[in-house]
Structure formats: C-alpha cells, structure tokens
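Asks: Sequence first, then the predicted structure:
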Amino acid sequence: MLYLTGYTFCVSEQVTIKKPFDAHVHLRRGAMLRAITRYTAERFGHAIVMPNTDPPIETLDAAIVYQQEILAAPGIGNFEPLMTLDLTKNVTPAEIERSAVGSEGVKIYGVKYYPWGATTNSQWGYRDILEAKEVLKEMERVGMPLLLHGEVHLDEHDAAVDPYKGEQSFVRDVLPRLLEAYPKLKISLEHVSSGEAADFLEKNGNEGRLVGTVTVHHLLYTREEAETEPMLKVKPLIKNSSDKEKIRALVKKGLPFIFAGTDSAPHPESKKLSPTGAYGIFSAPAAVELYTQIFEELDALDKLENFLSVYGPKFYGLEPSEETITLQKKDWQITEAVTTEDGEKVLPLGNETIHWQVKNN
C-alpha cells in the first residue's frame, strides 16, 4: 500500500510526514515547564502556546519573557513556541496593535478566550466573549486570530449550564452572533468535543475564516470511560460515543479547516487524583502516535500529514516544517510518570498499548 501527499508516504508499517504542528498546547511555568516541554519539542516543529498561566499572559512583553523561559528548557532542539495572549479585561486594543507588529523577534499569533470560571486559570476572562467589543474590532483590523474555548458556563440568570451541554450552547447561541458581528475576524474553535460543533464546522468552516482544532482524547474516549477515570478529566468534557463518532467522521474528511491541537495540559498527580481533580490531560508524550493510530483506524492515513503538519501552519500564515518524522507500526506503552525537579509526578496519557511509535533517527 502506498499513499502520497506532499512528502508523506506509508509503505507497509511505516509512515513519514512533515514534522507536526501543535495548534494548542499548555507548557505551564517553572519546574513543570522544564520537565514537560521536551515531549512537545521532540514531536512538533512549532506549537501555539496557550496563555492561561498564573498570572496570565496579557501583554507582548510578558509573552517575550514566557517564550524565553520555554526556549531555555532542556531538550528544545529546533522547536519554536508561538505565543498568544489571554483575553482578560486588562487587554487593550493598543496592546493588540503592538502585539501584531511584535518586538524582539516575537509577535503574538492569537488571543485565547476562556469563559470566566470555566477551566484552569480562567478567572480573569469575560463571561461573554461579545463584551470584548473594542479588542475584537482591533483583532479583526490587524488580522489576529481569536482562539475560542467555546463553552457557555453560566446562563443569563447566573445559573450553571450543564457542562456536557456548554459547547453546544456556545455553537448554537454565541458563535453565530460572533461571526455576524465580526465578518473578517479569523476564528478557531478549539478542542471540538461535540457532534453539534462538528456539524457546525463542516457546514460553516473556511480555512481563512473559521477553523477547528481536534484533540486526541476527544477522538479516543467516551463519557462512560472518562467519568470513571480521573486522568481523563478535562474541559471541554469528553462526551458520548455519538459525539466521538461525529468528530472522527469530521477529521476523516480531510477538510482544510480542521487540524490538530493536542490541548496537552499537565498537572501534578496530586491534583489530578484529588477529590476535586484538575482539568487537563497530558498527552504530549504520545499524541502524534495516537493521532496516527486513529487515522489508521479510520482508513485515512493519507489525510494524516495535512491534519498534523500542513493545515495548522497555513491558518497562522506559516510554512509547514521542512523537517520530517517517521512513525513505525510498533506496540508500546508509557509506564512511568514524568517527575519534575521538585519531585512532582505528572502522569501522561498512554498507559494502554499504543500501536504506532515515533522512530528514532
């Protein structure tokens, strides 16, 4: 069997693709960053780095400092982190204009919206994205993408929305109004988790206007599995099997506005396994391999390179990586936690058998 897309080929039990692009990753700060960043850098040439640190990344200057911290981490190689701002109420149109131009060789590639109180370090966000009128107007003017955590967390009466229905409510009630109000604003609906969102993107997606990122965990698991496994606690929540199948059908189509964003988000084991449990799945050590496994299951390995390596950079105005990676059909497991320098253990996704492995050169 032979597939050809650009540099991609799959002969028997091996596939070579341009080095992937992660359109959504959390690298944290401090000891956690130094321990886990290498796993993204080994597999991805570039990554869009999320800004919901504590404190949040609200200015270009803060993003420059954050990028320097990432580049100083061990095992970085040629990896390039692409920086974003957190859409808090402190972000101004003037900062958007400055960030689009950049400084010290760094510019901002997107602004991430977290609904107030919806997920990790989201307490600084707007409750309603449409409240950020002047900032959105300036983003539209300078061509800076808006990256959406697309969930409704509270309704108009401040009552909690069913967390399994928050994305559907956003796609049905908020996203159409946002698209209408800002017709030239580039928008990415991040970590698509519901069948309704998948349907909306298939109908309305456009590679220069409205795109969506998809995680490994929303392609692999169902609500029944996630509700009994603390390591699968994540926002947006993993939903029903029918939602998973809709998302898998979406990525199988190979649409140019759907691409990979791992949403790899490490937490210490103590927080993940606590009674409240932290939201986030650390998938970086196995994400590329698991995406490959999923695309093989879908009989769509010919679509893998575009999904992992081409469509993401294109949305951000970049060329795909000139490097390649090769994956081989080989069973393996992740059997040990990553340990930070201060002794915290971080449990990665992948304790089940994985059927593809990145081949060492």
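Replies: Now that the structure is in, tell me what you want to look at.
Asks: What is the least confident helix or strand in this protein?
Replies: strand 4-5 (a mean of 38; mean pLDDT, DSSP states H and E).
Asks: how about the helices in the stretch 101-250 of the chain?
Replies: In the stretch 101-250 of the chain, the helices defined using DSSP state H, counting those that start in this stretch lie at 133-142, 166-169, 175-181, 195-204, 217-220, 223-226, 241-252.
Asks: Ala31: which of the ones you listed is closest?
Replies: Proximity to Ala31 (Cβ to Cβ) singles out helix 217-220 among the helices of the stretch 101-250 of the chain, at 24.7 Å. (Each C-beta comes from the backbone N, C-alpha and C, glycine too.)
Asks: tell me what that closest one is packed against?
Replies: helix 241-252, helix 287-297 (3 or more Cβ pairs under 8 Å, 6 or more residues apart in numbering; DSSP states H and E).
Asks: Let's test this: mean pLDDT of the longest one, rounded?
Replies: Read it as helix 241-252. Averaged over helix 241-252, pLDDT sits at 98.
Asks: Contacts for the following helix or strand past it, please.
Replies: Downstream of helix 241-252, the next assigned helix or strand under DSSP states H and E is strand 258-260. Residues outside strand 258-260 that contact it (Cβ atoms under 8 Å, 6 or more residues apart in numbering) are 20-23, 201, 205, 211-214, 250-251, 287, 291, 306-308, 310-312, 315.
Asks: Any of these buried? List them.
Replies: Neighbour counting with 16 or more other Cβ atoms under 10 Å marks 20-23, 201, 205, 211-214, 250-251, 287, 291, 306-308, 310-312, 315 as buried within the contacts of strand 258-260.
Asks: what's the longest strand in this structure?
Replies: strand 324-332 (DSSP state E).
Asks: List the neighbouring strands of that strand plus their orientation.
Replies: Strand 324-332 has the following strand partners under DSSP bridges: strand 14-18 (antiparallel), strand 354-358 (antiparallel).
Asks: Quick check: which of those is buried the most?
Replies: Mean neighbour count (mean count of other Cβ atoms under 10 Å) peaks for strand 14-18 among the strands paired with strand 324-332, with a mean of 21.
Asks: Off-centre distance for that strand?
Replies: 22 Å (Cα atoms, centre = their mean, to the nearest Å).
Asks: Next: stretch 186-205.
Replies: The answer for stretch 186-205 is 13 Å, by Cα atoms, centre = their mean.
Asks: Take stretch 241-261 and give me the span from its first residue to its final residue.
Replies: Its start and end residues considered, stretch 241-261 measures 20 Å (Cα to Cα, to the nearest Å).
Asks: Report the buried residues of it.
Replies: Of all the residues in stretch 241-261, those buried under the rule 16+ other Cβ under 10 Å are 243-244, 246-248, 250-252, 254-261.
Asks: hmm, back to that, okay, the angle between the longest strand of the chain and helix 287-297?
Replies: Put simply, strand 324-332 runs at 80 degrees to helix 287-297, going by axes from the mean of the first three to the mean of the last three Cα atoms, to 10 degrees.
Asks: about what we covered before: right, and the helices of the stretch 101-250 of the chain - which one's nearest Ile281?
Replies: The nearest among the helices of the stretch 101-250 of the chain, by Cβ to Cβ, is helix 217-220 at 5.2 Å.
Asks: Would you mark the buried spots in that closest one?
Replies: By neighbour count on 16+ other Cβ under 10 Å, the buried set for helix 217-220 is His217, His218, Leu219, Leu220.
Asks: can you pull out the strands in the stretch 1-150 of the chain?
Replies: 4-5, 8-11, 14-18, 21-25, 46-49, 80-86, 108-113, 146-148 (DSSP state E, counting those that start in this stretch).
Asks: before we move on, back to that, who wins for proximity to Gly45 among the strands paired with strand 324-332?
Replies: Nearest to Gly45 among those is strand 14-18 (8.0 Å), distances taken as Cβ to Cβ.
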